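1. Model the following, please.
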Amino acid sequence: MLPALHQLARAAKTVFVYGMGGGGDVIQTIPIRNYLQHLGVERVIIGGVTCQWWPPPEFDPEPQAPFPLSASVWGPCYYALEEVENGRWMGSQALQVDGLARVGKRIPAEAQMAELFGVEAVLLSLRGGGQGFLAGLEAVIQEFAVDLVVGVDIGSDSIYSHTDEVRQPRTPLADFISLSGLYRCSVPSIYGLSGYGCDEELALEDLERNVGRAMRAGGFLGAYGLTQEDVADMERACHAMPDPVEKWPMEAAKGHLGLHRMRLSEPWGSLLRITPLQAMILFFDPKILVAAVNRIAAQVGETGSLAEAEATLARAGILPESYLQRYIQFLRPELYGSDGSAGSAS
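-> Modelled structure (predicted):
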């Protein structure tokens, strides 16, 4: 019988909790951090990955400047740790950051959370593919003597089997790299699914079928419901870093149920149904999750660069979200001529 999160936490002194998909996923670490502290964990370090959905620089000349409704961000920025100012290196694939960290004029989400909550925070690089990510995770484990690792994702995209779904996830790359490290790391690890289905990436029927596969394989490790303390903290975090997806667990816990409009990369938005389930975080054994559902993550884990990870997904017929940048003129103008035709790129 596999131990639940609270059982592992009671035997742990130091836990590392990281957001798996980039963007604002680090916000989902806050309620888990609160839970772990209430269970008596002495030290909780939060973190995330080097992926942000930043608008193009011409729309965002200053940190946290308003983003015009007439523009949409169609692809993520996978930045290098070498671009981060004011960080402390841990090996070559991980960097400890605080509120002073910057990428140019941008503030990584993890740095914002470190400043807002006075916590230790870490950035894990995605540039080294699955192998590099695992090396970064192991550096964090070694540096802080971590006893337990929890990776948390929001929505649905990590619960993808690539077998019989009616649609593909829109943002699989960062999550699959993150999952590939989580299930192979050298200490006990747990996968957390926050905001069940609220990213609108998988159809709920597919998500339920895949979650059922993991449960039948013995991978379900319990759940945690957001408290009023968690809601208050997440409200602060979402105010500091507005995100179209990260707020929904908090909104569900506040009782804002039913149909809502969510604007993602497309300017028109999509319909999202919020239920009380979105106020829960479901926990799974990541090894069983990979074996029973997301076997592509195991293939991604063998890659040695971001380009190799992209190619692994592409060969499987899965579109990496990073490829979208190559077709959007305002986001990557250096790839296009003045007439919109493809130009040369190094």
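2. remind me, longest helix of this structure?
-> What stands out as the longest helix in the chain, according to DSSP state H, is helix 129-144.
3. for it, the distance to its chain's centre please.
-> Helix 129-144 sits 16 Å away from the centroid of its parent chain (Cα atoms, centre = their mean, to the nearest Å).
4. Buried residues of that helix, list them for me.
-> Neighbour-count burial for helix 129-144 flags 129-141, 143-144 (criterion: 16 or more other Cβ atoms under 10 Å). C-beta: built from backbone N, CA, C; applies to glycine.
5. cool, stretch 273-282 as well?
-> Across stretch 273-282, burial judged by 16+ other Cβ under 10 Å covers 274, 278-282.
6. and the residues you listed, which of them are in strands?
-> The members of the buried residues of stretch 273-282 that map onto strands under DSSP state E are 274, 280-282.
7. now what about stretch 125-134, what contacts it?
-> By Cβ atoms under 8 Å, 6 or more residues apart in numbering, the residues outside stretch 125-134 that reach it are 22, 49-51, 78, 80-81, 92-95, 124, 135-136, 173-174, 177-178, 180-181, 184-185, 300-309.
8. pretty sure residue 46 contacts residue 113?
-> Yes. Taking contacts as Cβ atoms under 8 Å, residue 46 lies within contact range of residue 113: 6.2 Å.
9. Can you pick out the residue with more neighbours from these two?
-> Comparing residue 46 with residue 113 by neighbour count (other Cβ atoms under 10 Å), the higher total belongs to residue 113, at 29 against 26.
10. For that one, give me its contacts.
-> Taking Cβ under 8 Å, 6+ apart as the test, what residue 113 contacts is 26-27, 29-30, 46, 119, 121, 237, 241.
11. ok, back up a step: got any residues that touch both of residue 46 and residue 113?
-> Common contacts of residue 46 and residue 113, defined by Cβ under 8 Å, 6+ apart, comprise 26, 29-30, 119, 121.
12. In helices only, show me those residues.
-> Among these, the ones falling in helices (DSSP H) are 29-30.
13. out of the shared contacts of residue 46 and residue 113, which one sits closest to residue 106?
-> Among those, residue 26 lies closest to residue 106 (Cβ to Cβ), at 14.5 Å.
14. Next, find the distance separating the closest one from residue 185.
-> Distance check for residue 26 against residue 185: by Cβ to Cβ, to the nearest Å, it reads 18 Å.
15. Likewise for residue 293?
-> The gap separating residue 293 from residue 185 is 19 Å, by Cβ to Cβ.
16. can you check residue 50 too?
-> Using Cβ to Cβ, residue 50 is found at 18 Å from residue 185.
17. ok and the helix or strand where residue 310 lies relative to helix 129-144, angle-wise?
-> Assigned by DSSP states H and E, residue 310 falls within helix 306-315. Interaxial angle of helix 306-315 relative to helix 129-144 (axes from the mean of the first three to the mean of the last three Cα atoms, to 10 degrees): 130 degrees.
18. pLDDT below threshold where in the chain?
-> Applying pLDDT under 70 to the chain flags the ranges 55-74, 265-268, 325-346.
19. can we see that at 80?
-> In the predicted model, the chain carries pLDDT under 80 at residues 54-75, 263-270, 324-346.
20. quick one: the strands in it?
-> 14-19, 43-49, 84-90, 94-103, 121-124, 148-154, 189-194, 220-225, 258-262, 270-274, 280-284.
21. Break down the stretch 201-346 of the chain into its helices, ranges please.
-> Applying DSSP state H, counting those that start in this stretch to the stretch 201-346 of the chain gives helices spanning 204-216, 228-240, 248-253, 286-292, 296-300, 306-315.
22. just those helices: most buried one?
-> Highest mean neighbour count of those: helix 248-253, a mean of 24 (counted as mean count of other Cβ atoms under 10 Å).
23. Show me what that one is packed against.
-> Applying 3 or more Cβ pairs under 8 Å, 6 or more residues apart in numbering; DSSP states H and E, one finds that helix 248-253 makes contact with helix 228-240, strand 258-262, strand 270-274.
24. Same list, these, but as JSON lines with distance to residue 10 please.
-> Listed next are these as JSON lines, based on distance: least, Cβ to Cβ, whole Å:
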{"stretch": "helix 228-240", "distance to residue 10": "20"}
{"stretch": "strand 258-262", "distance to residue 10": "37"}
{"stretch": "strand 270-274", "distance to residue 10": "32"}
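25. can you tell which of those is closest to residue 221?
-> Among these, helix 228-240 comes nearest to residue 221, with 19.0 Å by Cβ to Cβ.
26. Contacts for that closest one, please.
-> 24, 27, 30-31, 34, 112-113, 116-117, 226, 246-247, 249-250, 253-254.
27. run the last query once more with 7 Å
-> 27, 30-31, 34, 112-113, 116, 246-247, 250, 253-254 (Cβ atoms under 7 Å, 6 or more residues apart in numbering).
28. closest to residue 286 among these?
-> Using Cβ to Cβ, the contacts of helix 228-240 come closest to residue 286 at residue 31, 19.1 Å.
29. That closest one and residue 226 touch, don't they?
-> Yes. Residue 31 lies in contact with residue 226 (Cβ atoms under 7 Å); the separation is 5.5 Å.
30. of those two, who's got more company?
-> Higher neighbour count among residue 31 and residue 226: residue 31, with 27 against 23, using other Cβ under 10 Å.
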